[in-house]
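Enquirer: based on what follows, work out the 3D shape:
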Amino acid sequence: MPQRATPLNLHVVLGGSRPCCPGLERRQGKAAGHDSVSDMARPALAGRVALVVDDEPMIVEILGELCTSLGMTVYEAADGVGALGQFALHPEIEVLVTDVRMPGLDGPGLAERILALRPGLKIIFVTGYTTYRSATWPILRKPFDLEELETALCRALVQQGPAPE
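Expert: From the prediction side, this is the model:
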């Protein structure tokens with residue numbers, strides 16, 4: 001009988017390092033192979049389309065790879081102006097995952113311009129600034145673990161619940 005491959009759980013902390021992965025304690029108490037967020041996220045997010053925007057190439061790469069691992073189609077941009085170009089080329093984009101602070105057109109400015117064209121688009125902000133607030137959209141504060149991004153994507157695209165703070 002062939003052996004089944006064990007799913008790889010990769011945890012990266014963006015914006016810094018910690019002695020352990022956030023959320024690991026919650027998962028260690030669960031039965032082996034039952035990660036409720038991942039179990040829910042993968043099928044729910046498969047086939048969905050994201051635009052990832054950050055002026056730090058490594059963060060764009062990491063966020064893009066995570067979204068791809070969830071079965072999503074991912075487009076990337078290094079700044080707000082590039083994101084507008086991607087958005088014009090790919091009207092199928094359903095969610096914008098963007099850094100708040102970027103040179104030129106920042107995340108909130110980008111969101112405002114894109115929402116003027118497509119009011120139904122979902123937004124997830126990523127920031128290292130603790131003072132930034134949004135009453136409408138989820139904010140992931142750096143450093144965050146990848147499970148938090150999965151949860152935010154599910155809430156934005158599937159559950160459409162209130163924005164977590």
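Enquirer: same for the helix ranked longest in the chain, what does it pack against?
Expert: Criterion DSSP state H: the longest helix present in the chain is helix 57-69. Other helices and strands packing on helix 57-69, by 3 or more C-beta pairs under 8 Å, 6 or more residues apart in numbering; DSSP states H and E, are strand 49-53, strand 73-77, strand 95-99, helix 146-154. In this view, the C-beta of every residue, glycine as well, is placed from N, C-alpha and C.
Enquirer: want to throw those into CSV with mean neighbour count, distance to L105 and mean pLDDT?
Expert: What follows is those, written out as CSV (neighbours: other C-beta atoms under 10 Å; distance: least, C-beta to C-beta, whole Å; pLDDT from 0 to 100):
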stretch, mean neighbour count, distance to L105, mean pLDDT
strand 49-53, 25, 10, 97
strand 73-77, 20, 10, 97
strand 95-99, 26, 10, 96
helix 146-154, 22, 22, 88
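Enquirer: TSV for those, including distance to I139?
Expert: Converted to TSV, those look like this (distance: least, C-beta to C-beta, whole Å):
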stretch	distance to I139
strand 49-53	15
strand 73-77	19
strand 95-99	11
helix 146-154	9
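Enquirer: which stretch among the ones you listed comes nearest G128?
Expert: strand 95-99 (8.8 Å; C-beta to C-beta).
Enquirer: CA atoms only: put that closest one into CSV for me.
Expert: Extracted C-alpha coordinates of strand 95-99, given in CSV (Å, rounded to 0.1, in the frame of the first residue of the first chain):
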residue,chain,number,x,y,z
VAL,A,95,-9.1,40.4,-3.3
LEU,A,96,-6.3,42.9,-2.9
VAL,A,97,-3.7,42.1,-0.2
THR,A,98,-1.6,45.3,0.1
ASP,A,99,0.9,46.9,2.4
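Enquirer: tilt between that strand and strand 73-77?
Expert: 30 degrees (axes from the mean of the first three to the mean of the last three C-alpha atoms, to 10 degrees).
Enquirer: what residues does the helix or strand just after strand 95-99 touch?
Expert: In the C-terminal direction, the helix or strand that comes right after strand 95-99 (DSSP states H and E) is helix 107-117. The contact list for helix 107-117 (C-beta atoms under 8 Å, 6 or more residues apart in numbering) reads 53, 80, 83-84, 87, 96, 98-101, 105, 121, 123, 125-127, 134, 137.
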